[in-house]
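Colleague: How does the following fold in three dimensions:
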Amino acid sequence: MEAWWENLGPVLQVLYCIAIPSTLVLVLQMILSMMGGESDGGIDVSDTSGLDMPGELDVDVTFDADAGDVDTVIDGGNPADFGTLKFLTLQTIVTFLTVFGWVSIACVSGGMSPVLGIVLGAVCGLIMMFIVAKLVQVSARLAEDGTLNMKNAIGETATVYLTIPAKGSGEGKVTMQLQGRFCEIDAVNEGEAPIETGAQVLVTDVLGDTLVVERTAD
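Modeller: Purely as a prediction, here's the structure:
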């Protein structure tokens, strides 16, 4: 083993020192994710974005349809925003180092010049880094879309399921289609008269998880 290591040369030795630890970290991330996402130290790695690093960059890419230009803005926006690509996270960096290391090792071991092999490894690493970041972006968007946003109910009609008392007298319940789901939601009345079961109401506002409704005109 020692003779093999000495015969590698300094370039391959450095590359192995990059590839092997980063591969182990990547495998550890996958195992922790499959086991539920939390290590003993309380570090949550179940999110497909990996662990956020201080100072990570959110790259916001916007397309101008008229001018055909692409503008890139660095901000700290919500990673679930579909227009925001979270490029620098622990997961993407580990992915880059893993791919960079092994591709460079393969190229240099195959007889390619060290400089060219390292450049090719870096290019492949960046490509995989971008792919992982894009998958994280899409996954976050899907997760966001699956979360019920009560504000989407404003302006929609609903059917009273349990009588809604007059204003300030308590809550009732309504049923409605919201984000493609059939939902039963608490509701309060804006009017001075109670709204009976079966009546149609209009959602005018949201108070936390409770809808503010008024009777629709017959």
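Colleague: Only C-alpha atoms from now on, for both contacts and neighbour counts.
Modeller: OK.
Colleague: Give me the pLDDT value at Glu184.
Modeller: Looking at Glu184, its pLDDT stands at 88.
Colleague: Kindly report the same for the one 10 residues further on.
Modeller: According to the predicted model, the pLDDT of Pro194 comes to 91.
Colleague: can you start the count at 38 instead of 1 from here on
Modeller: OK, 38 is where the count begins now, so the last one is Pro231.
Colleague: quick one: it and Gly205 touch, right?
Modeller: No. Contact status for Pro231 versus Gly205: not in contact, 10.6 Å apart, counting by C-alpha atoms under 8 Å.
Colleague: These two: who's more crowded?
Modeller: Between Pro231 and Gly205, counting by other C-alpha atoms under 10 Å, Pro231 is the more crowded of the two (18 against 11).
Colleague: quick one: that one and Arg218, what's the gap?
Modeller: 26 Å (C-alpha to C-alpha, to the nearest Å).
Colleague: same deal with Leu45?
Modeller: As judged by C-alpha to C-alpha, Leu45 and Arg218 stand 61 Å apart.
Colleague: Looking only at neighbour counts, state which of those two leads.
Modeller: Neighbour totals were compared for Leu45 and Arg218, and Leu45 leads with 13 against 9 (other C-alpha under 10 Å).
Colleague: tell me, what residue is most central in the chain?
Modeller: The residue lying closest to the centre of the chain (C-alpha atoms, centre = their mean) is Ala177, at 2.2 Å.
Colleague: what kind of secondary structure is it in?
Modeller: What DSSP: H, G, I helix; E, B strand; the rest coil gives for Ala177 is helix.
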